[in-house]
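Q: no sequence on this one, just coordinates:
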């Protein structure tokens, strides 16, 4: 990994753990002392957001537009988030499109589905396989999709599906679960639908994709990241569509 790009995406349930190791590899590649990856370095900015808002992106841009404290080492922005509004992503996109020299961005999130395609197009995604190829250690954690039982959900009668998603929405509303778990659940449904879409036609396996169901999941996932969405209504919409 030579870190020749200026912006990187680190996605997955273990993204935070992988980010720490990737940053260490970045420092080694750039001949930076380890202490440069801490608050002791005024050009190292690590920010965590449950929901990235447009004011957060504007504050980030304000820092980016100033001169760095040192011209000897890169300036690093690590942005960890679970979700982001459209406005925030469009403001962030302006920074990613025209970055200052030697400014590097590491965007860390539980899923790439959080982001608009325009933002993703500006990121070089560091996958778990890339991490392994560079001998970066990481700890395996259970995925949210392991807990949601997507295959079982798809087999449920409609009434049970509604009860299931209402319970998940209630947990998010009561802050017993985070909203990104709804996104992870939708992702797991999408993957299960795709995996189960193979049918036999004249002795050959053919994948027939239920377009309307995929569109319902994609639409709900998109609106979940809007400002103050009704998670309950969105998940019920998906349950009814499946």
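A: Now that the structure is in, tell me what you want to look at. Just so it is clear, the model here is predicted, and its values are computed rather than measured.
Q: tell me the centre residue of this protein?
A: What sits nearest the mean C-alpha location of the chain, by CA atoms, centre = their mean, is residue 111, with 2.8 Å.
Q: hang on, it packs against residue 185?
A: No. Contact status for residue 111 versus residue 185: not in contact, 10.7 Å apart, counting by CB atoms under 8 Å. C-beta here means a position set from N, CA and C on the backbone, and glycine is covered the same way.
Q: Helix or strand next in line after the helix or strand of the chain with the lowest mean pLDDT, which one?
A: Lowest mean confidence among the helices and strands of the chain (mean pLDDT, DSSP states H and E): helix 144-148, at a mean of 42. Where DSSP states H and E defines the elements, the next helix or strand beyond helix 144-148 is helix 150-155.
Q: Following element in sequence after that next one, please.
A: Assigned by DSSP H and E, the successor of helix 150-155 is helix 158-173.
Q: Relative to residue 32, how far out is residue 176?
A: 40 Å (CB to CB, to the nearest Å).
Q: okay, the angle between whichever helix or strand residue 186 is part of and helix 158-173?
A: According to DSSP H and E, residue 186 maps onto helix 180-195. Going by axes from the mean of the first three to the mean of the last three CA atoms, to 10 degrees, helix 180-195 is angled at 150 degrees with respect to helix 158-173.
Q: Who are the packing partners of helix 180-195?
A: When contacts are defined as 3 or more CB pairs under 8 Å, 6 or more residues apart in numbering; DSSP states H and E, helix 180-195 packs onto strand 75-84, helix 144-148, helix 150-155, helix 158-173, helix 211-224, helix 231-241.
Q: Pick the most deeply packed of those.
A: Among the helices and strands packed on helix 180-195, the stretch with the highest mean neighbour count (mean count of other CB atoms under 10 Å) is strand 75-84, at a mean of 22.
Q: May I have the strands that pair with that strand, each with its orientation?
A: Paired strands of strand 75-84, with direction, are strand 44-52 (parallel), strand 103-109 (parallel) (DSSP bridges).
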